[in-house]
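# I would like to see how this sequence folds:
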Amino acid sequence: MTIDNCPRLIRLQTPASWEYTMPKLEELRVTNCPVMKELLQFAYESAGPRILLPSLKILELYGLHNLSQGVLQLSQCLPNLKDLKIHDCGVKCVLSFSFSREIEALPDPLPTLAKLHIENCPEMIEIIFVTDAPNAPNASLQAQCCFQGLMHLTIESYRRLSHLFSYKQAISMQHLSRLYIRHYAALGTVVISKENEEEASASTSTSATTTTSASTSTHVVHHESYNSLFPNLRQLTLYDLPQLTAFHCPAALPIDWLFLQHCCIEKCPNLQDPLLGTHTPPQNQLGFSREQRL
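Predicted structure coming up:
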């Protein structure tokens, strides 16, 4: 289903109606609705998450300039969504999280999401945003871990975010295989930790013990590597990130990506410390591009 060029549309429908009127909807594209304020109207469910559009697999949002909150609340769930694209929208975040009401017991609201593409959303301040913690400036670092099945992440043309993920969030994304970040003026680090040197240094140790399933190309990494960042990463692109100083702060140490196949790092003039660890495949075996090799 495509909803296009609706200049007076404020929201789609109330949450209750989605579950019953379109249970078989698999694709939804909403484009050029300049006054839309909410995609799926929020209604908090104290008993647990609200399942919406149970068959939806693809969601694409374009030109929703007044969509000022998140795409989804943590208490809402799109259980079968696999591909999410957000382009030229006014969103502050992808997921919003109520610090006072929603707790870590809630499941991942996007449990099957495999691809996330976000481009040209200048108002975005967090990927996961805590809405009601004015006295807790690091509240986003404590937010629930989401996107645990994500495999491909593309971030382009951002202005305001200084980091993408907390360390806690990043280590939960064990399946991420493609990370593509371009034209991001304010990004200082991809992953940020709380000021805990023991936690930070743990992210740099990756176990070399892996098993491979004959039926899939997914590597199962040894449990000791759970504290490592994106252990199944195969493709990495960091392009035109003028403020980037490290991949992970405060632990600006080399990271071992055992399965890395392609690496492009260009126009990152402040990235000074070595990024690739000694267990990463040699650069002459990678599709490697950089003005100065790491």
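# Next, the distance between the ends of stretch 33-53.
Its start and end residues considered, stretch 33-53 measures 20 Å (Cα to Cα, to the nearest Å).
# mean confidence score for that stretch?
Averaged over stretch 33-53, pLDDT sits at 73.
# where in the chain is pLDDT low?
Across the chain, the ranges flagged by pLDDT under 70 are 13-21, 41-48, 98-105, 131-144, 194-227, 251-252, 273, 282-294.
# All the helices of it, residue numbers only.
Assigned helices in the chain, in chain order: 15-21, 167-171, 197-202 (criterion: DSSP state H).
# need the contact list for the residue lying closest to residue 162 once chain neighbours are set aside.
What sits nearest to residue 162 in space, not counting adjacent residues and going by Cβ to Cβ, 6 or more residues apart in numbering, is residue 188, at 4.9 Å. The way it works is simple: take the backbone N, C-alpha and C, and place the C-beta from them, glycine included. Residue 188 is in contact with 162, 163, 243, 244, 245, 246, 249, counting by Cβ atoms under 8 Å, 6 or more residues apart in numbering.
# Tell me, how many residues neighbour residue 179?
By the other Cβ atoms under 10 Å criterion, the neighbourhood of residue 179 contains 22 residues.
# 623 is where my numbering starts, stick with that
Got it, the first residue is 623 from now on, which makes the last one we talked about residue 801.
# if I pick it, what's in contact with it?
Residues near residue 801 by Cβ under 8 Å, 6+ apart: 775, 812, 852, 855, 857, 858, 859.
# What of residue 767?
Residue 767 makes contact with 730, 790, 791, 794 under the criterion Cβ under 8 Å, 6+ apart.
# cool, residue 715 as well?
By Cβ under 8 Å, 6+ apart, the contact list for residue 715 reads 691, 692, 693, 746, 747, 748, 749, 750, 751.
# nearest spatial neighbour of the last one, skipping sequence neighbours?
What it means is residue 751. Closest residue to residue 751 apart from its sequence neighbours, by Cβ to Cβ, 6+ apart: residue 715 at 3.4 Å.
# Tell me where the stretch 673-822 of the chain has strands.
Per DSSP state E, counting those that start in this stretch, the stretch 673-822 of the chain has strands spanning 680-684, 692-695, 698-699, 705-709, 715-719, 737-741, 750-752, 774-780, 787-788, 800-806, 811-814. These are given in chain order.
# got those strands as TSV, with distance to residue 899 columns?
As requested, the strands of the stretch 673-822 of the chain are arranged in TSV below (distance: least, Cβ to Cβ, whole Å):
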stretch	distance to residue 899
strand 680-684	36
strand 692-695	35
strand 698-699	37
strand 705-709	31
strand 715-719	30
strand 737-741	26
strand 750-752	27
strand 774-780	21
strand 787-788	19
strand 800-806	16
strand 811-814	15
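# Which one of these lies nearest to residue 659?
Go through the strands of the stretch 673-822 of the chain one by one with Cβ to Cβ and the one that ends up closest to residue 659 is strand 692-695, at 11.8 Å.
# picking up where we left off before, restricted to strands, list the contacts of residue 810.
Counted as lying in strands by DSSP state E, out of the contacts of residue 810, are 868, 871.
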